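1. Sequence first, predicted coordinates after that:
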Amino acid sequence: MKNILFGAIALALLGCGAQQPKMVENADPMEYANSITSKELKEHLYIFASDDFEGRETGEPGQKKAAEYLKKEYKLLNVQSPLGGDDYYQEVPSSMFRGDVKDSENVLAYIAGSEKPNEILVISSHYDHLGMDDKGNIYNGADDDGSGTVAILEIAEAFANARKDGYTPKRSILFLNVTGEEKGLIGSKYYTDNPVFALSQTVANLNIDMIGRTDDVHKKKDNYVYLIGSDKLSTDLHKLSEAVNAKYTKLDLDYTYNDENDPNRFYYRSDHYNFAKNDIPVIFYFNGVHADYHKMTDTPDKINYDLLEKRARLVFLTAWEIANRAERPVVDKGAKTSSK
């Protein structure tokens, strides 16, 4: 495995077509954040959440088609796989799932860091959804979690653009699109049980699960995003997150669901939790539940693409800061484990 990883790092550094390395401190991250656009997010999502993908049911043809789409897009961006060569898939066997679920796969892509390549920032989303019912009705999952998945593609493009200009991030970045979230966070559990990069060297996880809509609470003031978990393990990460938002995106950071006593328990219900269980600092980005959650009506025409753009830019700018600051986020609190 070490030889594969070192080979991937070498390919990423030598085969990316980048300019000569520059001091990343001289880059303007907002220049690259601006490459994340509502237009491109919409183009991706109208494909990814289309009927052609049959609701992206785990292990089924629609999910396989979605995985191929992600792989194709990463290759177009010249963002390599950490597994080596043309293999972007971490196989997740059917034995990991309850019931009659076929083999599936996580989709992994990777940019090697210039100064601290052995320290990894993971940016994650789940790309599966509920598939179809027995009448053939399709659950498109545009918000859940097509929105997070296409945001990651745009974030990867922003980092790839910076690398082309000679501004490679100091730490490595793993773009992790996981399967099986709808089956119980299975893909992220499989990754943390079988990490490609040591969990001890994983500095943080930014997880995106539903960031394209608004909930009823914010109908009149939609310039918001829910943040969950940012202060659970690392005061340092929480302060960094708030500082980045204050400087750049100026969204209303709503911590309602971060309350340990909140009955929804969203902190335990998306893929970041499998990282948090391993004392890896996390931030979960979320728009809240709406009337179309887990229904056939969660379609791409209902996404607020300007808001999706702004939220995706926040994740990118937070990732940029984590990837390029002198020290990794300090873990000053211990994980509190709980079942989903």
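-> Received, thanks. Residues are numbered from 1 along each chain as shown.

2. drop to CA atoms for contacts and neighbour counts, all remaining ones
-> Noted.

3. Whichever strand or helix holds Tyr273 packs against which elements?
-> Using DSSP states H and E, Tyr273 sits in helix 272-276. On a contact count with 3 or more C-alpha pairs under 8 Å, 6 or more residues apart in numbering; DSSP states H and E, helix 272-276 meets helix 186-193, strand 202-208, strand 282-286.

4. Output the ones you listed in TSV; the columns should cover mean neighbour count, distance to Tyr69 and mean pLDDT.
-> Output for the helices and strands packed on helix 272-276, formatted as TSV (neighbours: other C-alpha atoms under 10 Å; distance: least, C-alpha to C-alpha, whole Å; pLDDT from 0 to 100):
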stretch	mean neighbour count	distance to Tyr69	mean pLDDT
helix 186-193	21	18	98
strand 202-208	26	19	99
strand 282-286	27	23	99
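
5. Distance to Ser270 added to these, as a markdown table?
-> Output for the helices and strands packed on helix 272-276, formatted as a markdown table (distance: least, C-alpha to C-alpha, whole Å):
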| stretch | distance to Ser270 |
| --- | --- |
| helix 186-193 | 9 |
| strand 202-208 | 8 |
| strand 282-286 | 8 |
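
6. nearest to Glu43, of the ones you listed?
-> strand 202-208 (18.7 Å; C-alpha to C-alpha).

7. Could you list the low-pLDDT ranges of the stretch 1-150 of the chain?
-> The model of the stretch 1-150 of the chain has pLDDT under 70 over residues 1-19.

8. 50 instead, please
-> The model of the stretch 1-150 of the chain has pLDDT under 50 over residues 1-4, 6-7, 10-17.

9. The stretch 201-340 of the chain too?
-> 337-340.

10. Mind jotting down where the helices sit in it?
-> Here the stretch 201-340 of the chain has its helices, by DSSP state H, counting those that start in this stretch, at 235-247, 272-276, 305-324.

11. most packed of the ones you listed?
-> Most buried of the helices of the stretch 201-340 of the chain, by mean neighbour count (mean count of other C-alpha atoms under 10 Å): helix 272-276, with a mean of 26.

12. mind checking which of the helices and strands packed on helix 272-276 is nearest Ile123?
-> The closest of those to Ile123 is strand 202-208. By C-alpha to C-alpha, the value is 4.8 Å.

13. For that closest one, which strands pair with it and how are they oriented?
-> Strand pairing for strand 202-208, determined by DSSP bridges: strand 116-126 (parallel), strand 282-286 (parallel).

14. any chance of these in CSV, with distance to Lys135 too?
-> Compiled in CSV, those are given as follows (distance: least, C-alpha to C-alpha, whole Å):
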stretch, distance to Lys135
strand 116-126, 25
strand 282-286, 31
